[in-house]
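Colleague: After the sequence you'll find the predicted model.
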Amino acid sequence: MGDLPPELFNSPTEVLLPQNVFPAEGVNLKETLEGIEVKLIKQALSRSGGNKAKAAELLQLKRTTLVERLKKLNIG
């Protein structure tokens, strides 16, 4: 296991937002989190071939929750 890349041992949060990346001017947390959510949902839908039940499973959500998020975020 010593030859595996370190990113395999990091949590998803550390991979998406490394500790030393916080901008000096700050961030709009709501917009940033929404942007990350949109990207993850789109990736899950792509990986599942558009199957919402499978995408929800990948995101560890109920299908109904995913559908609600799709509507709220205007993801077609």
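Modeller: Received the coordinates, thanks.
Colleague: how much space is there between Lys52 and Leu73?
Modeller: As judged by CB to CB, to the nearest Å, Lys52 and Leu73 stand 14 Å apart. All C-beta spots, glycine's among them, are computed from the backbone N, C-alpha and C.
Colleague: So between the two, which is more surrounded?
Modeller: The residue with more neighbours, out of Lys52 and Leu73, is Lys52; 17 against 13, by other CB atoms under 10 Å.
Colleague: so what's the more buried one up against?
Modeller: Leu45, Arg63, Leu66, Val67, Leu70 (CB atoms under 8 Å, 6 or more residues apart in numbering).
Colleague: can you list the residues you listed in TSV and add secondary structure?
Modeller: Formatted as TSV, these follow (DSSP: H, G, I helix; E, B strand; the rest coil):
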residue	secondary structure
Leu45	helix
Arg63	helix
Leu66	helix
Val67	helix
Leu70	helix
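Colleague: Mind giving me the PyMOL select for these, buried ones only?
Modeller: To isolate the buried members of those in PyMOL, using 16 or more other CB atoms under 10 Å:
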select buried, resi 45+66+70
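Colleague: which one of the contacts of Lys52 sits closest to Asn28?
Modeller: Ranked by distance to Asn28 (CB to CB), these are led by Leu70 at 22.2 Å.
Colleague: which residues does that closest one contact?
Modeller: If you count contacts by CB under 8 Å, 6+ apart, then Leu70 has Ile41, Lys52, Gly76 around it.
Colleague: which of the residues in the helix or strand encompassing the first one are buried?
Modeller: Going back to what we said before, that points to Ile41. Assigned by DSSP states H and E, Ile41 falls within helix 29-47. Neighbour-count burial for helix 29-47 flags Ile41, Ala44, Leu45 (criterion: 16+ other CB under 10 Å).
Colleague: Report the buried residues of the helix or strand just after that helix.
Modeller: Helices and strands here follow DSSP H and E; after helix 29-47, the next one along the chain is helix 52-58. Going by neighbour count (16+ other CB under 10 Å), the buried part of helix 52-58 is Lys52, Ala55, Ala56, Leu58.
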